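**Q** Got a predicted structure plus its sequence, pasted below:
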Amino acid sequence: MTEDEKQVRAAEDARYRALLDGDVEALSALLHERLSYTHSTGGRDTRASLLAKITEGRLAYHRVAHPVDELTVVGDTAIVVGKMIASIAVDGAEVALDNAVLSVWVRTPATWRLLAFQPTPLRNG
């Protein structure tokens, strides 16, 4: 694994940790200002709207597993392909997720930041 791949993997792990902890400050530092965060329902958030939902308690992650199937770095862009199996609450309703996911990370002067996230439901309920 290259140093870039290690850094992206660490950033991906930190993002999921921040989601589980509801740590908006840590999450904010990992999200690109032009983030496009798609949900398994098809809804989409910007960086500001995603952080607001977490801050307000409208979106809470209780359990997340995120195995990585493939991580590719080309220049200043990284693609992470894997799964997200999670238990979350959306506006107070408990939701179980079983998604294939694609995360796009870009290198910035400070760190790697998440630019886009796209899940594909495998089984949701």
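**A** Happy to help now that I have it.

**Q** Helices along this structure, start to end?
**A** Counting by DSSP state H, the chain has helices at residues 3-21, 24-30, 47-55.

**Q** Just the CA coordinates for the last one, please, in PDB.
**A** So the one you mean is helix 47-55. C-alpha atoms of helix 47-55 as PDB (Å, rounded to 0.1, in the frame of the first residue of the first chain):
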ATOM      1  CA  ARG A  47     -21.300  19.900   3.200                       C
ATOM      2  CA  ALA A  48     -23.300  22.600   5.000                       C
ATOM      3  CA  SER A  49     -26.600  20.700   4.900                       C
ATOM      4  CA  LEU A  50     -25.000  17.400   6.000                       C
ATOM      5  CA  LEU A  51     -23.300  19.000   8.900                       C
ATOM      6  CA  ALA A  52     -26.500  20.700   9.900                       C
ATOM      7  CA  LYS A  53     -28.500  17.400   9.900                       C
ATOM      8  CA  ILE A  54     -25.900  15.800  12.200                       C
ATOM      9  CA  THR A  55     -25.700  18.900  14.500                       C
END
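
**Q** So which elements touch it?
**A** helix 24-30, strand 31-38, strand 59-65 (3 or more CB pairs under 8 Å, 6 or more residues apart in numbering; DSSP states H and E). To be clear about C-beta, it is placed using only N, CA and C from the backbone, and glycine gets the same treatment.

**Q** Looking at the ones you listed, which is nearest to residue 83?
**A** Across the helices and strands packed on helix 47-55, residue 83 has its closest neighbour in strand 59-65 (7.5 Å, CB to CB).

**Q** list the buried ones in that closest one?
**A** 59-61, 64 (16 or more other CB atoms under 10 Å).

**Q** could you dump the helices and strands packed on helix 47-55 to a markdown table with distance to residue 46?
**A** Formatted as a markdown table, the helices and strands packed on helix 47-55 follow (distance: least, CB to CB, whole Å):
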| stretch | distance to residue 46 |
| --- | --- |
| helix 24-30 | 12 |
| strand 31-38 | 6 |
| strand 59-65 | 14 |
